[in-house]
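Peer 1: Need coordinates for the below:
(2 chains)
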Amino acid sequence: MNMQSLILRTAGHFLLPLLLLFSLFLLFRGHNEPGGGFIAGLVAAAAVVLYLFSMDIDAARRVLRVDPRSLLGSGMLLAVLSGVPGIFRGQPFFTAQWWEITVPGLGMVKLSSVLLFDIGVYLVVIGAVLTIMLTLAEAED
Amino acid sequence: MLYAILSTFVLAALAPWVHQQAGRHSGWVLALLPAGLFLYFARFLPAINAGEVVVLVTPWMPGLDIQLSFLVDGLSLLFALLISGIGFFIVSYAGRYLEKSRDLGRFYVLILSFMGSMLGLVLADNLVAMFVFWELTSVTSYLLIGYNHEDLKARKAALQGLIVTVAGGLALLAGIVMLAIAGGSYELSEILNSGDAVREHALYLPLLILILLGAFTKSAQVPFHFWLPNAMAAPTPVSAYLHSATMVKAGVYLLARLNPSLGGTEVWFTVLALFGAATMFTGVFLAFRSTGIKSVLAYSTVMALGTLTMLIGIGTETALLAAMAFLLAHSLYKGALFLVAGILDHEAGAKDFLQTGGLRAALPVTSAFAILAALSLGGIVPLFGFVAKELMLESVLGAPGWVPLLALLAIASAILGVAVAAIVGIRPWFGKRVEMPKQPHEAPPALIAGPAVLASLGLIFGLGPGLAEGGILAAAARAVNGGEPVDAYLSLWHGLNWPLAISTVALVLGLLLYRHWDRARAALAWMETAAKYGPERAYDWMMDGVVRVSEWQTRLLQSGYLRYYIMFIILTTAAMVGMTARIHGVSVGPLHLDDLRFYELTIVSVMVASALFAVLSRSRLAAVAALGSFGFTVALMFVMFSAADVGITQILVETLTVILLVLVLFRLPGFLGLSSRWIKLRDASVALAAGGMITLLLISTHNARGFDSIAWYFIEESVPSGYGRNIVNVILVDFRALDTLGEIFVLALAAVGVYAMIRFRAEDKKS
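Peer 2: Down below sits the predicted model:
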């Protein structure tokens, strides 16, 4: 797998953090502008895959720190849990909840169960794509 | 009431833990629940005997009008008391009987779940709820028959019981849906008041047949009687509880329950009386012919179930009271006798009457109660069985038709019944002492308690039939009679009449038959061969057929080749869409081709070109690249129609797909020309058919606007209720979040699937 291309390796090093940052940007702006958990997840996954191509599997796993399968599970869990708060207000499962919190220095921040759900989608997408990719890449040897 | 039933399931879940904590005495601890339930149900007695009917409603699925409602009247209360009362003895008995079994915890789970299901079944007022509990009893019965799951015979018997009862359950489901249509309600309490409407409804005959199928399979009526004796593969407490005292009576319960709305017609009487009488005679005849302790008892249970069906079919007031009395008498003596059979097995290792004899000295207490119960089974003065049998004979003689045939079968059954009672009550206890597999000794209290109380109740109710009648039976018979009190009474002494004469003759002839039991069995030996062609043969033949058909269709459909699966899926979809289009007509309206833009045309040409290239290319990499370019042009289309989100997603997915394909690509062998020209033509025509169908569909949907577009709702509501300007995202994460949840779940599953497939194969290779 290791292609030993200097350009690719260098680019991979620099592009990974940028792309991950970009994916977060897409995730958080998704509610108002094009973006959202699914797209952001794909971008983040693509970033890691690029890194995988430029380095090798072990390096990709190292940079991930967690097993992509745990991302899969925690994403699902988060998505399901985001539907729960509505129940406590006597509303049906998955009714969106919004909270406005003032954070010193940042001003007012809108938090919502919807955002939690989107983060869940984000994690599941990263987890799914990377689980498949890394398993396939490992199966090569 | 809901909590009473739920409590059994909760305890069932906790049972293994309780068993660990309580150890040797877990049976007694767990038996506290049925005892408590018995007292709880007993509290209803005064109100029910005063003629009240209690309906308790809990909403369950309000959207579907399904309620968890419970109906407490004489009939359901009689059953509930039997289930919880006998349940108490069964659970405590099992704790000792299965002490050495390592699966005792699992046994408790099953038997308590069964108890809850059975209580739910008899107390449910809603037909759907009743059906759910009905099926639960079938499932728990299956697991209990197959308790010794290492034994092939037990597994086979369990499956047989399950298939017969569940097949009947399926018919029952169709039947109760029709009943609800005819009766205008799913609530029993309402259906029972609209009997005339049901009886005159066009669906009466079909729904009657379906419901009878359900009841007959469950209650082991001829020709479905064969599963019950096989079910004796279960541990004895299970046989005592499910297969004599409670579950098999569920069918009888259903018939009795529905008597006010279905009964009283010519068909009802003819079918029930004749099938019941046939079952009664078949059962007792087969019981007389058998020698296994449990199979004699099982067949005599078949007889009792037939008798009950016949009595409900006869339907006169005397018959209904007789049915209720017989039901109680049978539960008492048969429960006791099965428990005694368990003791014989446990303490003496005897499974067959031929191996037994002269055990009275070794098991004095057990034998006393066994004889008491056997007297009740034979219908001998002054036991409760006698009272019930007298009333049964009286009902048969007063039946609205078929009297000679019914009377003949009833008399023959009475004679054989006495003989069977003698086999059970004399053979093991008196006569010469036979060598036993185990040194016989008296059973511990936990094992004797059940037979003792049940058999004694048979004597008490026999001496004072008014106790049972006033206690519950009159109320039960009234419930079966549609709320009207029945004009009949129970008594030990009915005067010198025909039933008494028949009983006396039966007693003499029965004892005579018993004296010549061995010779009679030898004379009936030819039946063994004949029995091979009975209904069980039909069952086996059917099961073999099922296996053969499924083998055939598996070979046909499950080829193991991906290409055929895909072809099946595509062709089925195309055919279904095509058929719908044909039926409803498709209007391919005017195609506005004049405002087609130049760039649109370009994009479409690129799409067509790349698709063609992907199909025709001889290089795999080139094909992948062509597919990629196809995908990117699709993304371009999305962007053109201002669906930015979808476009971005498409581009990202395409990118990752190409990477994915590249990862697997070089693992594949090179392109080989394996397909013949004919196969290529076939594939091409499948592809063209599917593609053409979709094109047609899209064109027609473009022109068809049957409804207002839902899009406006989302556009208007996105900011005010979703707090977001990106409508696609608001739909995904808020309006349709549940759909998205489903989608990411599928995604996760796919990833896990790929992981498992590749990993496990790699591990297989290694090892």
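Peer 1: okay, CA-based contacts and neighbour counts for the rest of this
Peer 2: Noted.
Peer 1: Is the closest residue to residue A:139 other than its chain neighbours within a helix or a strand, and which one?
Peer 2: Closest residue to residue A:139 apart from its sequence neighbours, by C-alpha to C-alpha, 6 or more residues apart in numbering or on different chains: residue B:758 at 7.0 Å. Per DSSP states H and E, residue B:758 falls inside helix B:737-766.
Peer 1: Buried residues in that helix, which are they?
Peer 2: Within helix B:737-766, the residues scored as buried using 16 or more other C-alpha atoms under 10 Å in any protein chain shown are B:737-738, B:740-741, B:744-745, B:747-748, B:750-752, B:754-755, B:758-759.
Peer 1: what's the closest of the residues you listed to residue B:46?
Peer 2: Lowest distance from residue B:46 to the buried residues of helix B:737-766 (C-alpha to C-alpha) belongs to residue B:738, with 51.1 Å.
Peer 1: Where does pLDDT dip in the chain?
Peer 2: All of this refers to chain A. Chain A contains residues with pLDDT under 70 at A:1-4, A:106, A:140-141.
Peer 1: if you could check chain B rather than the one you did, that'd help
Peer 2: Within chain B, the ranges that satisfy pLDDT under 70 run B:65, B:531-532, B:588-589, B:703-706, B:766-767.
Peer 1: near chain A, which residues of it?
Peer 2: With C-alpha under 8 Å from any C-alpha of the partner chain as the criterion, chain B meets chain A at residues B:644-645, B:648-649, B:652-653, B:656, B:660, B:663-664, B:667, B:724-727, B:729-730, B:733-734, B:737-738, B:741, B:744-745, B:747-748, B:750-752, B:754-755, B:758-759, B:762.
Peer 1: do that again at 6 Å, thanks
Peer 2: Contact residues, chain B versus chain A (C-alpha under 6 Å from any C-alpha of the partner chain): B:645, B:649, B:724-726, B:729, B:733, B:748, B:751.
Peer 1: what's the distance between residue B:725 and residue B:765?
Peer 2: 53 Å (C-alpha to C-alpha, to the nearest Å).
Peer 1: Quick check: residues of chain A near chain B?
Peer 2: With C-alpha under 6 Å from any C-alpha as the criterion, chain A comes near chain B at residues A:31-34, A:39, A:114, A:128, A:132.
Peer 1: In PyMOL, select just the buried ones from the residues you listed.
Peer 2: The buried residues among the residues of chain A next to chain B can be selected in PyMOL (16+ other C-alpha under 10 Å) with this line:
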select buried, chain A and resi 31+32+33+34+39+114+128+132
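Peer 1: Out of the residues of chain A next to chain B, name the ones that lie in helices.
Peer 2: A:39, A:114, A:128, A:132 (DSSP state H).
Peer 1: quick one: contacts for the residue in chain A positioned nearest to chain B?
Peer 2: Here chain A gets closest to chain B at one residue, residue A:32, 4.3 Å apart by C-alpha to the nearest C-alpha. Contacts for residue A:32 were tallied using C-alpha atoms under 6 Å, 6 or more residues apart in numbering or on different chains; they are B:724-726.
Peer 1: So which of the residues you listed is surrounded by the most neighbours?
Peer 2: Neighbour tally across these (other C-alpha atoms under 10 Å in any protein chain shown): the maximum, 22 neighbours, falls on residue B:726.
Peer 1: Please report the distance of residue B:389 from residue B:698.
Peer 2: Taking C-alpha to C-alpha, one finds residue B:389 at 74 Å from residue B:698.
Peer 1: More neighbours: which of the two?
Peer 2: Neighbours per residue (other C-alpha under 10 Å) separate residue B:389 from residue B:698, with residue B:389 holding more: 27 against 13.
Peer 1: so that one sits in a helix?
Peer 2: Yes: according to DSSP: H, G, I helix; E, B strand; the rest coil, the state of residue B:389 is that of a helix.
Peer 1: packing partners for the helix holding residue B:758?
Peer 2: Packing partners of helix B:737-766 (3 or more C-alpha pairs under 6 Å, 6 or more residues apart in numbering or on different chains; DSSP states H and E): helix A:113-139.
Peer 1: Check the residues of chain B next to chain A and tell me the two furthest apart.
Peer 2: Greatest spacing in the residues of chain B next to chain A, by C-alpha to C-alpha: B:725 and B:751 (31.9 Å).
Peer 1: Assign a three-state SS to residue B:56, would you?
Peer 2: At residue B:56 the chain is in strand, as set by three-state DSSP.
Peer 1: isn't it right up against residue B:72?
Peer 2: No: using C-alpha atoms under 6 Å, residue B:56 makes no contact with residue B:72, being 8.2 Å away.
Peer 1: Same drill for these two, tell me which one is more crowded.
Peer 2: Higher neighbour count among residue B:56 and residue B:72: residue B:72, with 26 against 15, using other C-alpha under 10 Å.
Peer 1: What residues are bridge-paired with that one?
Peer 2: residue B:54 (DSSP bridges).
Peer 1: Quick check: it vs chain A, distance?
Peer 2: Distance of residue B:72 to chain A, computed by C-alpha to the nearest C-alpha, to the nearest Å: 33 Å.
Peer 1: And for residue B:572?
Peer 2: In terms of C-alpha to the nearest C-alpha, residue B:572 sits 30 Å off from chain A.
Peer 1: The residue lying closest to residue B:182 once chain neighbours are set aside - how many residues pack around it?
Peer 2: For residue B:182, ignoring the flanking residues on the chain, the nearest one in space by C-alpha to C-alpha, 6+ apart is residue B:198 at 5.2 Å. By the measure other C-alpha under 10 Å, the count of residues near residue B:198 is 24.
Peer 1: Same question for residue B:360.
Peer 2: The tally of other residues near residue B:360 (other C-alpha under 10 Å) stands at 18.
Peer 1: Please report how far the closest residue to residue B:418 other than its chain neighbours lies from chain A.
Peer 2: Closest residue to residue B:418 apart from its sequence neighbours, by C-alpha to C-alpha, 6+ apart: residue B:378 at 4.4 Å. Residue B:378 sits 61 Å away from chain A, taking C-alpha to the nearest C-alpha as the criterion.
Peer 1: and residue B:378, how many neighbours?
Peer 2: By other C-alpha under 10 Å, the burial measure for residue B:378, its neighbour count, is 27.
Peer 1: for it, what are its contacts?
Peer 2: Contacts of residue B:378 (C-alpha under 6 Å, 6+ apart): B:417-418, B:421.
Peer 1: got it, and residue A:43?
Peer 2: Residue A:43 neighbours (C-alpha under 6 Å, 6+ apart): residue A:23.
Peer 1: Nothing else from me, thank you.
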